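1. Okay, structure incoming, though there's no sequence with it:
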């Protein structure tokens, strides 16, 4: 503490001539200005959360037209392949929970009835984080699960169950929904 006080005294105290004192004051002013400019640049450069990365249910509440467009995409899948048994859209608000938002047909059986990922789904979650589609393991039905991804994270999933051979329609639909919800400007 004494050293800090001595430094301040040395800066403020006048020198033997005015030119040395003026050089100290100009140097101190320049250092202060550089520090102030640096601090201003730092505070202005912070990333502002513009709300682009929100849960799917939040986006649906903010813009109901997006919900209608997504539901139209999901219901359209059933018309494209007769082997499709059901189509489910899930919101993935946190690492543990997965919440069903929409299903077609409405009377179909939920592929994730507990609302939680099942043991063995770790590989599925890994694929989702990498924005890849995969099959749900350890199930009695054939499925294709694809993530709904924002700019930096997976926020939901589309799960299509089949009675016959699996196709890539879930992959395409998930990408369209991701684009509709997170990548297209409003």
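-> All right, it came through fine. Source: prediction; values computed, not measured. Residues are numbered from 1 along each chain as shown.

2. which non-adjacent residue is nearest the spatially most central residue of the chain?
-> Nearest to the geometric centre of the chain sits residue 153, at 3.8 Å (Cα atoms, centre = their mean). Leaving aside its sequence neighbours, residue 153 sits nearest to residue 53 (Cβ to Cβ, 6 or more residues apart in numbering; 6.5 Å). Bear in mind the C-beta positions are built from the backbone N, C-alpha and C, glycine included.

3. ranges for the helices of the protein?
-> In the chain, the helices defined using DSSP state H lie at 2-12, 18-44, 56-62, 64-80, 122-129, 169-178.

4. for the record, mean pLDDT for the first one?
-> If I follow you right, that is helix 2-12. What helix 2-12 shows for mean pLDDT is 76.

5. repeat for stretch 36-46
-> The average of the pLDDT scores along stretch 36-46 is 85.

6. Mean neighbour count and distance to residue 114 for the helices of the chain - can I get that in a markdown table?
-> Below are these laid out as a markdown table (neighbours: other Cβ atoms under 10 Å; distance: least, Cβ to Cβ, whole Å):
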| stretch | mean neighbour count | distance to residue 114 |
| --- | --- | --- |
| helix 2-12 | 9 | 61 |
| helix 18-44 | 10 | 45 |
| helix 56-62 | 17 | 19 |
| helix 64-80 | 15 | 22 |
| helix 122-129 | 16 | 14 |
| helix 169-178 | 20 | 21 |
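
7. Out of the ones you listed, which gets nearest to residue 98?
-> Closest approach to residue 98 among the helices of the chain is made by helix 122-129 (9.8 Å; Cβ to Cβ).
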